[in-house]
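Visitor: Got a predicted structure here, sequence first:
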Amino acid sequence: MSLFIKDYIGLNGLHSLDRTILMCETNDIYVPFKYTPYISSDVKIKTNYEFFITNYTSFNIIIDSRMIKTITYIANTIDDILIYNINNNEVISLTQFVMNKTLSSKILNIHECVNILNLFVFINFFCNNKPSWNCDIALNLLPYTKSSIPNSFSIPYIYKYILTCVSQNKNDNMKLISPKKINIQSYIQIQDGIKQFQSDHYTINDIVYSLKNLKNIDINYILL
């Protein structure tokens, strides 16, 4: 689906309150305002993304904070995302959402927020939290970018994060010989039914080996 960013920035939340949609997996939370639920699985990334894009100019669209994968993939195209924080029943921005998650002591710009979200989803979902998530390492390794629009998973950032975690934990998996190659693009591209790397077939060593082969490649095409 083609998208002209200039047509979509700054529109979310400007419609009347009776034109509000809440994207969620289950309509099981208290929301103190009128809304229409859009119920969908958080692994149906392509469907959720296209629904957001299609309705973004006509409705206020708020995303349940538990739908982290949907939020992340949409954020790679549009930063004008409203998120319903189920912990305190509050509607927050994308940057507020990431700041709350990371407990960062510094102000993060939108590019840093999207990079952290991409890394978080890669580690926690695709890698099944192996290595484990570490906010301090993620924040310390954030890359500087001049890009006006964040638009892809930063493979060098992910690669460096995993190497740092493995180095600190002295993970013996890194000593394995003849690692298996993972077609990472086929996993993380925008599609319905995204799934984890099969942990019974792949090790951290295999993931690092595969990332090393990708880290110098421009993969902006992966998400869209």
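Guide: Yes, it's here. A quick note: this is a predicted structure, and the numbers were derived from the prediction, not measured.
Visitor: where does this structure have low pLDDT?
Guide: 1-11, 13-15, 144-151, 170-177, 215-224 (pLDDT under 70).
Visitor: in stretch 103-122, what counts as buried?
Guide: Applying a neighbour-count criterion of 16 or more other Cβ atoms under 10 Å, the buried positions in stretch 103-122 are 104, 108, 110-122. Every residue, glycine included, has its C-beta placed from N, CA and C.
Visitor: Pull the distance from that stretch to the chain's centre.
Guide: 9 Å (Cα atoms, centre = their mean, to the nearest Å).
Visitor: Not counting its own residues, what contacts that stretch?
Guide: When contacts are defined by Cβ atoms under 8 Å, 6 or more residues apart in numbering, stretch 103-122 is touched by residues 68-69, 71-72, 75-76, 79, 94-95, 97-99, 101-102, 133, 135, 138-139, 142-143, 145, 147, 150, 153-154, 157-158, 161, 188.
Visitor: Pick the one among the buried residues of stretch 103-122 closest to Ile39.
Guide: Lowest distance from Ile39 to these (Cβ to Cβ) belongs to Val121, with 20.9 Å.
Visitor: Pull up the gap between the closest one and Val31, please.
Guide: Using Cβ to Cβ, to the nearest Å, we find Val121 at a distance of 25 Å from Val31.
Visitor: Just give the nearest non-adjacent residue to the most centrally placed residue in the chain, would you?
Guide: The centroid of the chain falls nearest to Thr72 when counting by Cα atoms, centre = their mean (2.6 Å). Nearest residue to Thr72 in three dimensions, chain neighbours excluded: Leu117, at 4.3 Å (Cβ to Cβ, 6 or more residues apart in numbering).
Visitor: Now that neighbour: phi and psi?
Guide: Here is the backbone geometry of Leu117 (degrees, to the nearest 10): phi -60, psi -50.
Visitor: re earlier: among the contacts of stretch 103-122, which ones are in strands?
Guide: With strands taken from DSSP state E, there is no overlap with the contacts of stretch 103-122.
Visitor: These, buried ones only, as a ChimeraX selection?
Guide: A single ChimeraX command selects the buried members of the contacts of stretch 103-122 (16+ other Cβ under 10 Å):
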select :68,69,71,72,75,76,79,94,95,97,98,99,101,102,138,139,142,150,153,154,157,158,161,188
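Visitor: That concludes my questions; thank you for your assistance.
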